[in-house]
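Visitor: Attaching a predicted model along with its sequence, questions to come.
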Amino acid sequence: MRWFPQHQPQTLQIAVALLYWNAFLGLLLGVLTGGTGRIFLLLIVAEVAGAIGVANDRKWGYIVAIVAAFLPLILLITTNIAAGGLLNLLFEIALIALLLHPMSRNYYKIWFR
C-alpha cells in the first residue's frame, strides 16, 4: 500500500498532495472551531480515501477523489457555505483541473485497476 504515487504523472501526484492537504486543513479547522458537521467529516474521509485510492492505482479511488473535489464547490453553490474563502476556492478549482487533466485521465484509463 502506497501513500504517495511516485510513479504516476505529476498531475496526479499534485492532486494526491492537495487531497491530503485539504483533509488536514478540514480536520484542523474542525478541531479549532469546536467540531464539524457530518458533511465535513464525510468530506475529510472521502479526501483521504480518494488520495489513497489514487496512490494505489484504484479506479474507485479516482472516482472518490473527483467527488471529494467537486463536493465543496457544490456546497458553496447550493448552501453558500464557504469554509476557507477565496484561496480555498482557488485550490479546489486547481484540484479539479488536476484530476480532470488529459494526462491524468489517460493514465487512469490505461493503468488503474
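Guide: That came through fine.
Visitor: how deep is Val45 tucked in, by neighbour count?
Guide: Val45: 14 surrounding residues under other CB atoms under 10 Å. Every residue, glycine included, has its C-beta placed from N, CA and C.
Visitor: just checking, what packs against the helix or strand encompassing it?
Guide: Using DSSP states H and E, the element containing Val45 is helix 38-55. If you count contacts as 3 or more CB pairs under 8 Å, 6 or more residues apart in numbering; DSSP states H and E, helix 38-55 packs onto helix 10-32, helix 59-79.
Visitor: Give the rounded mean pLDDT of the longest one.
Guide: The one in question is helix 10-32. If you average the pLDDT over helix 10-32, you get 91.
Visitor: helices and strands around it, which ones?
Guide: Counting contacts by 3+ CB pairs under 8 Å, 6+ apart, helix 10-32 packs against helix 38-55, helix 59-79, helix 85-99, helix 102-111.
Visitor: Could you list the buried residues of it?
Guide: Neighbour counts over helix 10-32 (16 or more other CB atoms under 10 Å) mark 11-16, 18-20, 22-23, 25-27, 30 as buried.
Visitor: Centroid-nearest residue for this structure?
Guide: Centroid-nearest residue in the chain, with CA atoms, centre = their mean: Leu19, separated by 3.6 Å.
Visitor: which residues sit in contact with Tyr20?
Guide: 47-48, 51 (CB atoms under 8 Å, 6 or more residues apart in numbering).
Visitor: and the angle for the helix-or-strand element of the chain with minimal mean pLDDT with helix 102-111?
Guide: In the chain, the helix or strand scored least confidently by mean pLDDT, DSSP states H and E is helix 85-99, which has a mean of 87. Taking axes from the mean of the first three to the mean of the last three CA atoms, to 10 degrees, one finds helix 85-99 and helix 102-111 inclined to each other by 40 degrees.
Visitor: which residues are in contact with helix 85-99?
Guide: Against helix 85-99 from outside (CB under 8 Å, 6+ apart): 11-12, 14-15, 18-19, 21-22, 25, 62, 65-66, 69-70, 72-73, 76, 82, 104.
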